[in-house]
Each structure stands twice: as C-alpha cells, then as structure tokens.
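**Student:** could you look at this predicted model? Sequence included:
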Protein chains: 2
Amino acid sequence: MHDLDIHVCLVEDDETIREGYEYLIGNAEGYKITGSFASYEDAAKKIARCNPDVILLDVELPGISGIDAIPKLKKLVPDAHIIILTVYEQELMIFRALANGASGYLTKDTPPKKILASIKEAMEGGGPMSSHIARMVIQSFQRSEESPLTPRETEILEQIATGKSRKRIAEELFIDLETVKSHIKNIYSKLNVHSKADAIKLAKDNKFI
Amino acid sequence: MHDLDIHVCLVEDDETIREGYEYLIGNAEGYKITGSFASYEDAAKKIARCNPDVILLDVELPGISGIDAIPKLKKLVPDAHIIILTVYEQELMIFRALANGASGYLTKDTPPKKILASIKEAMEGGGPMSSHIARMVIQSFQRSEESPLTPRETEILEQIATGKSRKRIAEELFIDLETVKSHIKNIYSKLNVHSKADAIKLAKDNKFI
DNA sequence: ATTTATATCCCCCCAAACAAGGTATTTAAT
DNA sequence: ATTAAATACCTTGTTTGGGGGGATATAAAT
C-alpha cells in the first residue's frame, strides 16, 4: 500500500507553513511525506533517499534560492516533478522557474484540495498552475493587436529575428532581395530604429513579433 | 438574476457536440447560452448582440478556422474570453491559438464539471488549460540540460539571437570584440554550423537557448 | 603535478551584408 | 479615385561576418 502512495518532499524554510503542508499531505489518502527540509542545502544531502515523486519547493529560501535549486534538485532526483509554491507572482520569477525545469507553479493562497490535486496532476504529466499564473503564461504568447507593421513586414522581421540574412529571406519567401530591403526600410522607419537589433528588441518588447 | 449569469457563446460545427454543450451549460446554475453557431461566418453576424463573457471555440470549422477566427472574434467582442475546445493537441496549434488571443485551451475529453469551472476561470482572468496542454506550454519554456555550450557561449548566442552585432555584444559584456569572435568560433564548431542563422536555429530547436 | 576546459585577447583577409537615400509598378481594398 | 501593401530597381558608403592562424590566465579535475 505504502508504495502506491505518491511520495512528496517539501523544501520550505517557514516552519509553520511547512508543518501545515506536512499535516495536509501526510493525512491525505494516497500521499506520503518522505522528506521535509528548510533549505536546499539541507535537502541536497538526503533527498535522493526519499525517492520523491513530487517536490514542493519554495522560492525564497536561505542560501540557494528555490529557483536556482530547481536544476540541482533535478540532477539529484531526475524523475521528480517540482512544483513551485510561493507568494511571488512576478513574471520574471515564474518564467525563470519554468525555464529551470519546474513542472508547475502555485501561489500560496492555493486551497488544500487544489494542492493535493496539483501534486497528482504533476505526477501524471500535467502542468498545474494557479489560474492567475496560467493566464500570465498564456499572455506571454500573445501578440499585440496594434502593431504598425503589415503582415508581410511582420513576417520578414520574424525571419530577421532568426538570424537569417536578407538574401536568404528573399530566397525563402520567393521575392527579390531588393523587396526584402524595401520592407526592412519601411519597418525601420515605422519603428523609428536604425538597426536589426533595435527593431527586434522593440518589436519583441511590444509583442509585434 | 439573468444578468448575473455568465453569458456563453458556442462556435462548433458538429451539431451533436454543440447540443451537448448547450445542454450542459444551459442547465448549469449561473451560466446562460446566449448564442450558438456552426461557423465563424455565422457567428460574426450576430455574436456582438449576444454579449458573450466567454466564447467556446472549436478549431476545425467550415470556412475560416477557429484559430484564424480568434482575432476576428476579439475585434467583434473585445471583452469576451475565448476558450479553445478541440481534439487537437499539436504544439503548433496550441501556440498559434494562444498567440492569436485565446484565454484558454481545453481538449474535448474535458469532463463537464471542468468545462464549467474553466468558463468561470476564464471570466475571472485565469487561463484554463487541460493538464496535458499546460505541461506542453510549460515545457516550451524549458532549456535542455545537455547543451554542449558553456554558460558564456550560451549567453553570447542569446545575444546574437537578438540581432546584436559582435561589436555591440562585446561592449555590453565588457569584453573585447576578439573574445566574442573566439566564442562564436567555438560555438560554431561545437554546433557544427557555419552561420548565425544555423547556430540560432539549431540552438533553439534543441532548446540550448 | 599535469592535463583539460573555460574565458580571455590578438592578428590577418575579403566577400557579404547592412543602412539610407531615392523612385516606381501592380494589386487590392475603400 | 485614392490609399495601402507588396513588389522591384539603383546608388553610395560603412560594417559585419566567417575563416584562418595563434596566445595566455585561471580554475577545475585527475
């Protein structure tokens, strides 16, 4: 029976909060706390022997931050799914966590039931996120609707952003090199820039591309 | 009372499925179907008068595809949240949908309760996704752990990918132009490529950057 | 103690790419 | 009938890119 339980480890420096989670998860059917640590350094020593399926990880930790701990934990227990559990909702934090290998991102106001569901979800290959986080992630994909660029110009700027030369872009779009140049001139003049790099940066910042 | 209900519109060509959703949502407390259409063209004419809070949109539609319909619907009813409801789970489809302005993405095997919850979630600023979709979205942020590139090389390749010239990169990293060139030479040789564009493409495909 | 990897800097060359200044035609949409 | 978009051409001048050959300091690994 025990082996069918989902093995959960905690890394959270606030003792009160940690005990709260221990209580919640430890008493839930099908879940088992196999490790509970106050810092990454603490966890590093023993977590491999805890065989975690899921690790709940705080971001603000003494010593190595939770964000930086993600790749290290992944190395120690490659098969574990890491869920970030934090009060922080800054975009940068979220994206760094996900880029570093987190499987999910929950805010600390997540109700107990949702936490348990998220643990299971992560284990089954899902990507549990608080709804607000999910929307931020989705929004990061979205384009602006008020781009001054025409569709063709946007397309060409996208190609430029992949590092392709004008010549190559011309070939791939079956148009003349001179046409590509014309488009670029127009792009620069619309965006008020004088170089590839500036055009790309401005376009990305404003989600034109 | 009626005005407190969440106004939902459907755009789905399969009549059986559409009727199923109509039944589900129409009979749920707090929800009201204010429009139901078999295609974008159909919806375009009347949907503005339906005042939808949330639009459930299929991707495979006769005429204009659901994906392409998203920006058009957004223009017709800017405040509506669009949730894609589909059998397709291809990465490209998902990212195009989100880029076009969808607030959520559900697969058609989503249980009724979750559909209703997702409608509410979208309305409240969340980003409802099927768990599998969420994981795909999260994975799109992640880097490979087996990049052959050193941290410095990765950093420089990232800069190159923003369109910056070697000179500018050198200035911004406070190193000599020659150093940047050396790194680039090493990057090319490690990646077995002979141009910016190829290096960027390969690195992006393999999530080195 | 000695390799190895990383990051740094230097020299050469030359073709190719880039940016900015124009002008002009065709097509599609309003 | 007018506008906007996409297309193509020309000139001029500067910068960058990619390939080749090296060197050196430092840190990590063995």
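**Tutor:** Arrived safely, thanks for sending.
**Student:** what about the strands in chain A?
**Tutor:** Taking DSSP state E, the strands of chain A run over residues A:6-11, A:31-37, A:54-57, A:81-86, A:104-107.
**Student:** rebuild these as JSON lines, extending it with mean neighbour count, mean pLDDT and distance to chain B.
**Tutor:** (Glycine included, C-beta is placed from N, CA and C.) Shown next, in JSON lines, are the strands of chain A (neighbours: other CB atoms under 10 Å in any protein chain shown; pLDDT from 0 to 100; distance: least, CB to the nearest CB, whole Å):
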{"stretch": "strand A:6-11", "mean neighbour count": "24", "mean pLDDT": "96", "distance to chain B": "15"}
{"stretch": "strand A:31-37", "mean neighbour count": "20", "mean pLDDT": "96", "distance to chain B": "18"}
{"stretch": "strand A:54-57", "mean neighbour count": "26", "mean pLDDT": "97", "distance to chain B": "14"}
{"stretch": "strand A:81-86", "mean neighbour count": "25", "mean pLDDT": "96", "distance to chain B": "10"}
{"stretch": "strand A:104-107", "mean neighbour count": "23", "mean pLDDT": "96", "distance to chain B": "7"}
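**Student:** out of the ones you listed, nearest to DNA strand C?
**Tutor:** DNA strand C lies closest to strand A:81-86 among those, at 25.3 Å (CB to the nearest atom of the strand).
**Student:** residue A:107 pairs with what?
**Tutor:** residue A:86 (DSSP bridges).
**Student:** mind listing what's buried in stretch A:165-181?
**Tutor:** Neighbour-count burial for stretch A:165-181 flags A:166, A:168-170, A:180 (criterion: 16 or more other CB atoms under 10 Å in any protein chain shown).
**Student:** that stretch spans what distance, first to last residue?
**Tutor:** Criterion CA to CA, to the nearest Å; first-to-last residue distance in stretch A:165-181 is 11 Å.
**Student:** likewise stretch A:13-33?
**Tutor:** With CA to CA as the measure, stretch A:13-33 spans 16 Å from end to end.
**Student:** give the buried residues for it.
**Tutor:** Within stretch A:13-33, the residues that qualify as buried by neighbour count (16+ other CB under 10 Å) are A:13, A:18, A:21, A:25, A:28, A:31-33.
**Student:** follow-up on the earlier one: now, among the buried residues of stretch A:165-181, which is nearest to chain B?
**Tutor:** residue A:168 (6.7 Å; CB to the nearest CB).
**Student:** tell me, how many neighbours does residue A:202 end up with?
**Tutor:** Applying other CB atoms under 10 Å in any protein chain shown, we find 16 residues neighbouring residue A:202.
**Student:** cool, and residue A:48?
**Tutor:** 15.
**Student:** swap in the one 4 residues further on?
**Tutor:** Using other CB under 10 Å, the number of residues around residue A:52 comes to 26.
**Student:** hey, what's the residue nearest to it when sequence neighbours are not counted bridged with?
**Tutor:** Sequence neighbours aside, residue A:9 is the residue nearest to residue A:52 in space, at 4.0 Å (criterion: CB to CB, 6 or more residues apart in numbering or on different chains). Here residue A:9 sits in beta bridges with residue A:35, residue A:55, going by DSSP bridges.
**Student:** doesn't residue A:46 make contact with residue A:9?
**Tutor:** No. Residue A:9 is not in contact with residue A:46 according to CB atoms under 8 Å; the separation is 9.3 Å.
**Student:** tell me, what's touching the two both at once?
**Tutor:** Taking CB atoms under 8 Å, 6 or more residues apart in numbering or on different chains as the criterion, residue A:9 and residue A:46 both touch A:35, A:37.
**Student:** sorry, back to before: what residues are up against the residue nearest to residue A:52?
**Tutor:** When contacts are counted by CB under 8 Å, 6+ apart, residue A:9 touches A:33-37, A:43, A:47, A:50, A:52, A:54-56, A:80.
**Student:** try residue A:141
**Tutor:** Contacts for residue A:141 (CB under 8 Å, 6+ apart) come out as B:95, B:98-99, B:137.
**Student:** what about it, distance to residue B:50?
**Tutor:** Remark: distance between residue A:141 and residue B:50 (CB to CB, to the nearest Å) = 27 Å.
**Student:** what about the lengthiest helix in chain A, near DNA strand D?
**Tutor:** Determined from DSSP state H, the single longest helix within chain A is helix A:177-191. Yes. Contact of helix A:177-191 with DNA strand D (CB under 7 Å from any atom of the strand) involves A:178-179, A:181-183, A:186.
**Student:** packing partners for that helix?
**Tutor:** In this structure, helix A:177-191 packs against helix A:151-161, helix A:166-173, helix A:196-205, with contacts taken as 3 or more CB pairs under 8 Å, 6 or more residues apart in numbering or on different chains; DSSP states H and E.
**Student:** so it versus helix A:166-173, what angle?
**Tutor:** If you take axes from the mean of the first three to the mean of the last three CA atoms, to 10 degrees, helix A:177-191 sits at 110 degrees to helix A:166-173.
**Student:** helix A:177-191 near DNA strand C at all?
**Tutor:** Yes. Using CB under 7 Å from any atom of the strand, helix A:177-191 reaches DNA strand C at A:181-182, A:184-185, A:188.
**Student:** can you tell me how far the closest residue to residue A:46 other than its chain neighbours sits from residue B:81?
**Tutor:** Nearest residue to residue A:46, sequence neighbours excluded (CB to CB, 6+ apart): residue A:35, at 6.4 Å. Separation of residue A:35 from residue B:81 (CB to CB) stands at 40 Å.
**Student:** swap in residue A:82?
**Tutor:** Using CB to CB, residue A:82 is found at 30 Å from residue B:81.
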